[in-house]
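J.: Give me coordinates for this.
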Amino acid sequence: MVTLLLAVLLVGQAVIAPQPRIRNRTLPVDEVGTITYGISVPGDYDETNPRPLVLALHPGGPRGAYYGSRYMAQVVLRGLGDLRAIVVAPDCPARSWSDPQAERVLLELLEKVRQDYAIDGRRILVTGFSMGGRGTWFMSSQHPDLFTGAIAMAAPVGDIPLDRRGMIPTYVIHSRDDLVVPFAPAERATAQLEALGRTVMFEGLTGPGHGDMADYVDALRRGGLWIAEKWDNQ
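T.: Okay, here's the model as predicted:
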C-alpha cells in the first residue's frame, strides 16, 4: 500500500511539474552583435506565479555556440532544480565575465527575461563555475541591487575589494584538490567576510579536480537550498 501510494504521488508530481527543457535563443545587442544563450522555463510555469531567476555563468575552456546551455544542462539544472526557477545561461561575448562588454550583455539579457516572464525580483541568483565563479563575484559586487543571492564554485578570488563582496547572501564552494584555482584564498576570503558580519557560507569539498564540475552538483543543491532559506527569511 505504501509503495502504491508513493508511486501515485510521484506520478502526480510529474503531472503537476513537468521537467523543464532548454531552448537556445539569440539576442541582438547594440555595439556588441548577436549573442547566443539558453533558457530553461519550468514546465508548470504560470505568469500569475512569479518565479525565481537564475543567471548561470559558464566556465572558460573551449567555447562554441550555446556553451552556456551545455553547462546549464550538466550542472545548474541538476543542482538547482529545487528552486523551480527560470534559468538563463548566455555565452560570454568577451574574454571574461567581468569585461564591460560582457557585463552590458548580461544586464540587457536579464532585462529581456524580466520583460518576457513573471520574475520574483526578491529571488534573483547568480552562479558560475571557475571563470563563471569569478563572474559571480564580479556581478554580485557590482549589482547588489539586482541580485539577491550568489553561488560561486571553484572561483578565483580576483581583485575585488573585500568590502564589495558578500553584500548579498553568498555560498562559496571549492575543492581542496583543485590544482588550478587554489583552495586557500577562497576559504580565507569567506572567513574574512563572515568576520565582517556578511551572510556567507563556505563549503569545502575533497576529491574533485578543477575540471570535475559534475562533482559539484550535490554541493550546488545544498547552496541553492541555503539561498532559498535566506530568501524566505528576508
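J.: So for residue 144, what's the pLDDT?
T.: What the model reports for residue 144 is a pLDDT of 97.
J.: quick one, what contacts it?
T.: 167, 168 (CB atoms under 8 Å, 6 or more residues apart in numbering). From N, CA and C alone the C-beta is placed, and that goes for glycine too.
J.: Quickly find the element holding it.
T.: Using DSSP states H and E, residue 144 sits in no helix or strand.
J.: so how far is residue 169 from it?
T.: 11 Å (CB to CB, to the nearest Å).
J.: repeat for residue 189
T.: 15 Å.
J.: ok, those two, which is more surrounded?
T.: residue 169 (25 against 22; other CB atoms under 10 Å).
J.: Touching, that one and residue 224? I think so.
T.: No: using CB atoms under 8 Å, residue 169 is not in contact with residue 224, being 11.4 Å away.
J.: before we move on, what SS does the closest residue in space to residue 38 that isn't next to it in sequence have?
T.: Of all residues not flanking residue 38 in the chain, residue 69 sits nearest, at 3.0 Å (CB to CB, 6 or more residues apart in numbering). Here residue 69 is helix, with the state taken from DSSP: H, G, I helix; E, B strand; the rest coil.
J.: wait, what's in contact with residue 69?
T.: Contacts of residue 69 by CB under 8 Å, 6+ apart are 22, 24, 37, 38, 89.
J.: how about a cut-off of 10 Å?
T.: Residue 69 sits next to 22-25, 36-40, 56, 58, 88-91 when contact means CB atoms under 10 Å, 6 or more residues apart in numbering.
J.: In those residues, find the pair that's most separated.
T.: 23 and 58 (16.7 Å; CB to CB).
J.: Of those two, which one has the most company?
T.: residue 58 (29 against 11).
J.: What residues does that one make contact with?
T.: Residue 58 touches 38, 66-72, 74-76, 89-92, 97, 128-132, 135, 213, counting by CB under 10 Å, 6+ apart.
J.: Swap in 8 Å and give it another go.
T.: Residue 58 neighbours (CB under 8 Å, 6+ apart): 67, 68, 70, 71, 89, 91, 92, 128, 129, 131, 132.
J.: can you list those residues in TSV and add distance to residue 82, neighbour count and pLDDT?
T.: Below are these laid out as TSV (distance: CB to CB, whole Å; neighbours: other CB atoms under 10 Å; pLDDT from 0 to 100):
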residue	distance to residue 82	neighbour count	pLDDT
67	25	20	97
68	21	29	97
70	21	14	96
71	19	23	97
89	18	30	98
91	26	19	97
92	27	23	97
128	19	30	98
129	19	29	98
131	25	22	97
132	20	29	98
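J.: So what's the residue count around residue 124?
T.: Going by other CB under 10 Å, the residues that sit close to residue 124 add up to 23.
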